[in-house]
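Participant: Got a predicted model here, sequence first, then my questions.
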Amino acid sequence: MNNAWLTVLRRDLLLALRRRSDVATTLFFFLIVSSLFPLGIGPEPAVLSSIAPGVLWVAALLAGMISLTRLFSADFADGSLEQMLLAPQPLALLVTAKILAHWLVCGLPVVLLAPLIGLQYALPNEALLILVVSLLLGTPALSLIGAIGAALTLGVRGSGLLVALLVLPLYIPVLIFGAGAVAASQHGMSAEAHLSLLAACSLLALVLAPLATAAALRVSVE
Amino acid sequence: MLTAQGLACLRGDRLLFKNINFELEAGGLLYVLGENGSGKSSLLRLLCGLLMPEVGTVFWCGKKIRQDAENYLSDLTYLGHLNGLKDDLTAQENLQISAHLAGNPVSEEGAQTALAAIGIARCANLPVRVLSQGQKRRVALATLWLSKSKLWILDEPFAALDAASVEVLASRLGEHMANGGMTIITTHQDVAINAQSTQTLRLSA
């Protein structure tokens, strides 16, 4: 059972490795969007550091979303999704492997790049650390929730925009707690409550999203 | 072993077929024939459980396939008209992945042997992207040399194959049935396949 899970994970990572441009697009999108704000707003450290948590979190959220449509669409087009549906293992389990691969390829690099971008916004060290921790706890929820949207819009025309409309409202709690954690630490308060809630979002998503995604995939493939 | 009772399929508001009944025993071969658009592929997808029938039930060893999905799926190999291959992976990698997913992992040599059996050993390390249509089909069909499933459901397996490959595949299908396996295929070609019992199901548009 674990064997098939690992196979799917390894397959998706291998595919990402063979198509590095897809990964690079996500990262460059994050880099450019988050660099545009300081250029547009001006170099006031006080202003920049006060908008930083929100801007960086929104940029991370959008970066994760542009790669979402690719999560299942390629597999759907070449028929390998059908084969996955017909594997004897539970589909929800295989779906978690695909989502984990998506996070490792699109979420983790953003988390690692965030402190560098944070420097542009004159964030103090303490806040940079909380930014990384909050992204680390929150981005898995983005991939998990996004997978439901990706599965629902499979094979629909103009699915890219539809995914955004479906998924962005569901991202709101994650955004509030994530940006809230960084803002709290900037104001000298403890970010613990925000981080706990963020972790709770991810855990809840981990339990529910694979099941919902699997159900949505079965409907989409019909 | 595989029993279909009163199957009907509705796509949109069009009734593709209704009242399909058959029983397939070990060693049996079922041809599904019909014009383009008569619902052959839909019937096969329905038998796999990818599609829900409007009415009717499919039983595997006496149990409904949806209820006993894990057992049924480990006994089933399905090949649709999409090959299910990843363009960026090599033929051998593709084959190993699909074998893993089906629950019987295979070594590199095992995959090479299967590819050799259908005559594309020299494409083993090429990315599938550069292969021709017929070669891709053969990579997908190589799974049948690794498959331990009892029931094979194949949608147009002979399409895009050259004459020599058609013969190789037909003899593999014969071997499967001789070992007590079951096969359901759709085809437009006249290919002789040996089986302990042969049935034909004709769908009319």
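Facilitator: Right, received. Where do you want to start? Residues are numbered from 1 along each chain as shown, chains lettered A, B, ... in the order given.
Participant: From B:D87, how far out is the residue of chain A found nearest chain B?
Facilitator: Residue nearest to chain B within chain A (Cβ to the nearest Cβ): A:G79, separated by 2.7 Å. Where you see a C-beta, it was placed from the backbone N, CA and C, and this is true even at glycine. Distance of A:G79 to B:D87, computed by Cβ to Cβ, to the nearest Å: 12 Å.
Participant: do the same with A:N3
Facilitator: On the measure of Cβ to Cβ, A:N3 and B:D87 end up 24 Å apart.
Participant: now stretch B:23-42, how far from the centre of its chain.
Facilitator: 11 Å (Cα atoms, centre = their mean, to the nearest Å).
Participant: First-to-last residue distance for it?
Facilitator: 18 Å (Cα to Cα, to the nearest Å).
Participant: what sits against the closest residue to A:A52 other than its chain neighbours?
Facilitator: Closest residue to A:A52 apart from its sequence neighbours, by Cβ to Cβ, 6 or more residues apart in numbering or on different chains: A:Y121 at 3.7 Å. Residues in contact with A:Y121, defined by Cβ atoms under 8 Å, 6 or more residues apart in numbering or on different chains, are A:F37, A:P38, A:L48, A:S49, A:I51, A:A52, A:V55, A:L56.
Participant: same check, this time on B:G119
Facilitator: Counting by Cβ under 8 Å, 6+ apart, B:G119 touches B:R138, B:A164, B:S165, B:V168.
Participant: Now the lengthiest helix in chain B - C-alpha only, CSV.
Facilitator: As assigned by DSSP state H, the longest helix anywhere in chain B is helix B:163-178. The C-alpha atoms that make up helix B:163-178 are tabulated as CSV, following Å, rounded to 0.1, in the frame of the first residue of the first chain:
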residue,chain,number,x,y,z
ALA,B,163,0.7,-6.6,-38.5
ALA,B,164,3.5,-8.4,-36.6
SER,B,165,2.6,-6.7,-33.3
VAL,B,166,-1.1,-7.6,-33.8
GLU,B,167,-0.1,-11.3,-34.0
VAL,B,168,2.2,-11.1,-31.0
LEU,B,169,-0.6,-9.5,-29.0
ALA,B,170,-3.2,-12.0,-30.2
SER,B,171,-1.0,-14.8,-29.0
ARG,B,172,-0.5,-13.1,-25.7
LEU,B,173,-4.3,-12.8,-25.3
GLY,B,174,-4.6,-16.5,-26.2
GLU,B,175,-2.1,-17.4,-23.5
HIS,B,176,-4.0,-15.4,-20.9
MET,B,177,-7.2,-17.2,-21.7
ALA,B,178,-5.4,-20.6,-21.7
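Participant: what comes up buried for it?
Facilitator: Under the neighbour-count criterion of 16 or more other Cβ atoms under 10 Å in any protein chain shown, helix B:163-178 has B:S165, B:V166, B:V168, B:L169, B:A170, B:R172, B:L173, B:G174, B:H176, B:M177 buried.
Participant: ok, the second one touching B:Q189?
Facilitator: Same thing as B:V166. Yes. If you go by Cβ atoms under 8 Å, B:V166 and B:Q189 touch, sitting 7.1 Å apart.
Participant: Now the common contact residues for those two.
Facilitator: What both B:V166 and B:Q189 touch, as defined by Cβ under 8 Å, 6+ apart, is the set B:F158.
Participant: that older thread, between A:N3 and B:D87, point out the one with more neighbours.
Facilitator: The residue with more neighbours, out of A:N3 and B:D87, is B:D87; 16 against 12, by other Cβ atoms under 10 Å in any protein chain shown.
Participant: does that one really touch A:D78, like I thought?
Facilitator: Yes. Judged on Cβ under 8 Å, B:D87 makes contact with A:D78 at a distance of 7.1 Å.
Participant: Of all residues in chain B, which one is closest to chain A?
Facilitator: For chain B, Cβ to the nearest Cβ, closest residue to chain A: B:L82, 2.7 Å.
Participant: helix/strand/coil for that residue?
Facilitator: coil (DSSP: H, G, I helix; E, B strand; the rest coil).
Participant: Got phi/psi on it?
Facilitator: phi -90, psi 140 (degrees, to the nearest 10).
Participant: same question, B:D75
Facilitator: Reported as degrees, to the nearest 10, the phi and psi values for B:D75 are phi -100, psi 0.
Participant: What residues does chain A have near chain B?
Facilitator: With Cβ under 8 Å from any Cβ of the partner chain as the criterion, chain A meets chain B at residues A:3-4, A:7-8, A:11, A:14-15, A:18-19, A:74, A:77-80, A:82-89, A:94, A:221-222.
Participant: Distance of the residue lying farthest from the centre of chain A relative to A:Y121?
Facilitator: Distance from the C-alpha centroid of chain A, by Cα atoms, centre = their mean, peaks at A:E44 (29.8 Å). A:E44 sits 11 Å away from A:Y121, going by Cβ to Cβ.
Participant: if we can go back for a sec, between the buried residues of helix B:163-178, which is nearest A:F29?
Facilitator: Taking Cβ to Cβ as the measure, A:F29 sits nearest to B:S165 out of the buried residues of helix B:163-178, at 45.3 Å.
Participant: Show me the domain layout of chain B.
Facilitator: B:1-75+B:150-205, B:86-148 (automatic domain parsing).
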